[in-house]
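>>> A structural model of the following input is requested.
(one chain, ligands or ions: 2)
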Amino acid sequence: MDDGFRGLRLTNTMTRAKEAFRPLDWRDGARAEAERRVRMYVCGPTVYDFAHIGNARPVIVFDVLFRLLRHLYGAERVTYVRNITDVDDKINARAARDFPGLPLNEAIARVTGPTAEQFRRDTDALGALAPTIEPRATAFVAPRGDGLPDMVSMIETLIARGHAYAAGGEVLFDVGSMPDYGALSHRRLEDQQAGARVAVEAHKRNPGDFVLWKLSDADEPGWDSPWGRGRPGWHIECSVMSEAYLGPVFDIHGGGLDLIFPHHENEIAQSRCAHGTHSMAEIWMHNGFVQVEGRKMSKSEGNFVTIHDLLETERFGGRRWPGEVLRLAMLMTHYREPIDFSRKRLEEAEDLLAGWRRATAGVGEALPSEAFVAALSDDLSTSAAIAELHVLRRSDPAALKASAALIGLDLAQPVARLAVAPEEIAARIAERLERLKAKDFAAADAIRAWLLEQGVQLKDGKDPVTGERVTSWESV
Ligand SMILES: Nc1ncnc2c1ncn2[C@@H]1O[C@H](COP(=O)(O)OP(=O)(O)OP(=O)(O)O)[C@@H](O)[C@H]1O
Ligand SMILES: [Zn+2]
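Ligands and ions are numbered 1, 2, ... in the order given. A predicted model of the protein is given here:
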């Protein structure tokens, strides 16, 4: 009997263990063969600002998983849902700031429309496949009339089942009503209560109770509901949109590490209590952070580089970087480890790509190597998979090309219009610095001129710390 195991093992945040992946539909004897689907949900962006390199990581990591699942189970069998959060108080604040003259709802549309469009351009440029479905939260607040679930109805169900209550202009989820609340983040309710430093808001039964619905002022966005005109809390949208397209229990739920608590914990509480199920998703996966000098890259820290800046402007390192370079730079590290973002990492990725391109020029069709697929199938061990690409570069360039394609790297495309490979440029720059040190200026100038003929312009600068000359380059 086919139990759906295809060699894939994934680390489950819920159990803290690496588990053999068997999709639910394959284990369900009642499900017809033709109807079996692998079902994955990943929390998408809140669209009030351009996405940064940190936000790019879940996009890339789960795109690789999506591609691997399509390879293992067949492309048409995998349903990947990634939502767009277009209702949020951060969006409201941005709308009021940027479009002060407009009615708030119109201003919000002016913020969310272009931001969502930019996100699509960014993810295209990173070589990410579009998810199967990209629902928007605002389309799932009020009853829809098409049979799909909605947030107001799910909140009504939670109240009816004794898991939520209205108080102080809000509807709150009662975490005390769920004995195993906290299982994903391994937090115990008692610990949270004992450790609560902030004063408990008077209307809450438990300090951990979270908002499902809150009333809106006249100028704030709002939907009619049994509790008055208001708007949903953040967590409820994912419970509703995942149910709408994947059902009450599905295979994989993903996002960044920061979402484990409270977001995913609260999604689980809502979904399980609304549906009376033992789980919401079989496997919970979380990517590590992109960091800058040891700190999470984030909008609030102000230490971020947007995807757009990196790809389309010369703001990072004085040049533009192709999306595939960022993709490979991310995949050089295992998805659960932190990444320190640096120019050096991008250069390393760019050199690798250039080498692989030269090795695969003109090769024919092939299948990805088995060792490569096995490495990816071991909890997406992309660094081991990349090590296999180094081997294939010499032993089987056609398989190298097919394997790279499996993780979204198209080696058939020229990386840029450069006549000279990045490692050669680096070697020439080093040689030129040697000449300059030896005061052989004629030879140094000759190298500079030769590179310019190849379309490479050098720029000299000083290392702010050591005061030494550093030379960067850009293609012209
Ligand atoms: N530095 C980071 N490294 C890796 N993933 C990140 C990082 N920052 C955010 N993410 C992930 O990006 C996805 C989109 O999240 P969202 O739009 O809510 O960004 P955010 O967390 O609000 O960003 P910020 O932390 O800058 O305010 C989530 O899965 C989140 O976990
Ligand atoms: Zn979510």
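
>>> domain ranges for the protein?
As assigned by automatic domain parsing, the chain contains the domains 162-231, 291-406, 422-475.

>>> next, the distance between the ends of the second one.
Same thing as domain 291-406. 27 Å (CA to CA, to the nearest Å).

>>> same question for it, mean pLDDT?
Averaged across domain 291-406, the pLDDT comes to 96.

>>> also stretch 171-188?
95.

>>> swap in stretch 411-418?
67.

>>> quick revisit: deepest in the core, which of the domains of the chain is it.
Ranked by mean neighbour count under mean count of other CB atoms under 10 Å, the domains of the chain are led by domain 291-406, which reaches a mean of 18. Using the backbone N, CA and C atoms, a C-beta is placed for each residue, glycine as well.

>>> tell me which residues of stretch 261-274 come out buried.
In terms of neighbour count (16 or more other CB atoms under 10 Å), stretch 261-274 has its buried residues at 262-274.

>>> returning to what we had before: looking at the domains of the chain, which is closest to ligand 1?
Among the domains of the chain, domain 291-406 comes nearest to ligand 1, with 3.3 Å by CB to the nearest ligand atom.

>>> quick one: the closest one to chain centroid distance?
Per CA atoms, centre = their mean, to the nearest Å, the displacement of domain 291-406 from the mean C-alpha position of its chain is 15 Å.

>>> near ligand 1, which residues of the protein are found?
Residues of the chain lying close to ligand 1 by CB under 6 Å from any ligand atom are 43, 45-46, 54-55, 57-58, 255-256, 258-259, 287, 289-290, 296-300.

>>> just to revisit the earlier point, ok, of the buried residues of stretch 261-274, which one's closest to Arg315?
His263 (30.6 Å; CB to CB).

>>> OK, contacts around the closest residue to ligand 2 within the stretch 1-150 of the chain?
Closest residue of the stretch 1-150 of the chain to ligand 2, CB to the ion: Cys43 (3.3 Å). Neighbouring residues of Cys43 by CB atoms under 8 Å, 6 or more residues apart in numbering: 58, 82-83, 85, 238, 254-255, 259, 263-264.

>>> pLDDT for those - can I get that in JSON lines?
What follows is the contacts of Cys43, written out as JSON lines (pLDDT from 0 to 100):
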{"residue": "Pro58", "pLDDT": "98"}
{"residue": "Arg82", "pLDDT": "98"}
{"residue": "Asn83", "pLDDT": "98"}
{"residue": "Thr85", "pLDDT": "97"}
{"residue": "Cys238", "pLDDT": "98"}
{"residue": "Gly254", "pLDDT": "98"}
{"residue": "Gly255", "pLDDT": "98"}
{"residue": "Leu259", "pLDDT": "98"}
{"residue": "His263", "pLDDT": "98"}
{"residue": "His264", "pLDDT": "98"}
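
>>> save those as JSON lines, and put in secondary structure and distance to Ala426 too.
Conversion of those to JSON lines gives the following (DSSP: H, G, I helix; E, B strand; the rest coil; distance: CB to CB, whole Å):
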{"residue": "Pro58", "secondary structure": "helix", "distance to Ala426": "31"}
{"residue": "Arg82", "secondary structure": "strand", "distance to Ala426": "37"}
{"residue": "Asn83", "secondary structure": "coil", "distance to Ala426": "42"}
{"residue": "Thr85", "secondary structure": "strand", "distance to Ala426": "42"}
{"residue": "Cys238", "secondary structure": "helix", "distance to Ala426": "45"}
{"residue": "Gly254", "secondary structure": "strand", "distance to Ala426": "36"}
{"residue": "Gly255", "secondary structure": "strand", "distance to Ala426": "37"}
{"residue": "Leu259", "secondary structure": "helix", "distance to Ala426": "38"}
{"residue": "His263", "secondary structure": "helix", "distance to Ala426": "42"}
{"residue": "His264", "secondary structure": "helix", "distance to Ala426": "43"}
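
>>> by neighbours, which of these wins?
Each of these was scored for neighbours by other CB atoms under 10 Å, and Cys238 scores highest at 29 neighbours.

>>> OK, now which residue of the stretch 301-450 of the chain is nearest to ligand 2?
For the stretch 301-450 of the chain, CB to the ion, closest residue to ligand 2: Tyr335, 17.8 Å.

>>> right, and that residue touches Asn287 too?
Yes. At 4.8 Å, Tyr335 and Asn287 qualify as touching, with contact defined as CB atoms under 8 Å.

>>> joint contacts of those two?
57, 61.

>>> hmm, back to that, what sits against the residue of the stretch 301-450 of the chain closest to ligand 2?
57, 61, 285, 287-288, 380, 382.

>>> what is the nearest of the residues you listed to Ala166?
Met285 (34.7 Å).

>>> go through the domains of the chain and name the closest to Trp26.
Across the domains of the chain, closest to Trp26 is domain 291-406 (CB to CB), at 16.1 Å.

>>> re the thing from before, go through the buried residues of stretch 261-274 and flag which are in helices.
Taking DSSP state H, the ones among these that sit in helices are 265-274.

>>> reformat those residues as CSV; add pLDDT.
Formatted as CSV, these follow (pLDDT from 0 to 100):
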residue, pLDDT
Glu265, 98
Asn266, 98
Glu267, 98
Ile268, 98
Ala269, 98
Gln270, 98
Ser271, 98
Arg272, 98
Cys273, 98
Ala274, 98
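
>>> could you export the residues you listed to TSV, including columns for distance to Lys439?
Listed next are these as TSV, based on distance: CB to CB, whole Å:
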residue	distance to Lys439
Glu265	65
Asn266	66
Glu267	66
Ile268	68
Ala269	71
Gln270	71
Ser271	71
Arg272	73
Cys273	76
Ala274	76
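
>>> OK, now which residue of the stretch 251-400 of the chain is nearest to ligand 1?
Counting by CB to the nearest ligand atom, the stretch 251-400 of the chain gets nearest ligand 1 through Gly256, at 2.0 Å.

>>> which of the contacts of Cys43 are close to ligand 2?
By CB under 5 Å from the ion, the members of these lying near ligand 2 are Cys238.

>>> returning to that earlier point: so what sits opposite the closest residue to the residue of the stretch 1-150 of the chain closest to ligand 2 other than its chain neighbours in the bridge?
Excluding its sequence neighbours, the residue lying closest to Cys43 (CB to CB, 6 or more residues apart in numbering) is Gly255, at 4.1 Å. Beta-bridge partners of Gly255, counted by DSSP bridges, are His286.

>>> list the contacts of Gly255.
Going by CB under 8 Å, 6+ apart, the list of residues near Gly255 reads 42-43, 58, 263-264, 286-287.

>>> now for those: which two are most distant?
His263 and Asn287 (14.0 Å).

>>> got the end-to-end distance for stretch 153-167?
18 Å.

>>> still on that earlier bit, need phi/psi at the residue of the stretch 301-450 of the chain closest to ligand 2.
In terms of degrees, to the nearest 10, the main-chain angles of Tyr335 are phi -60, psi -20.
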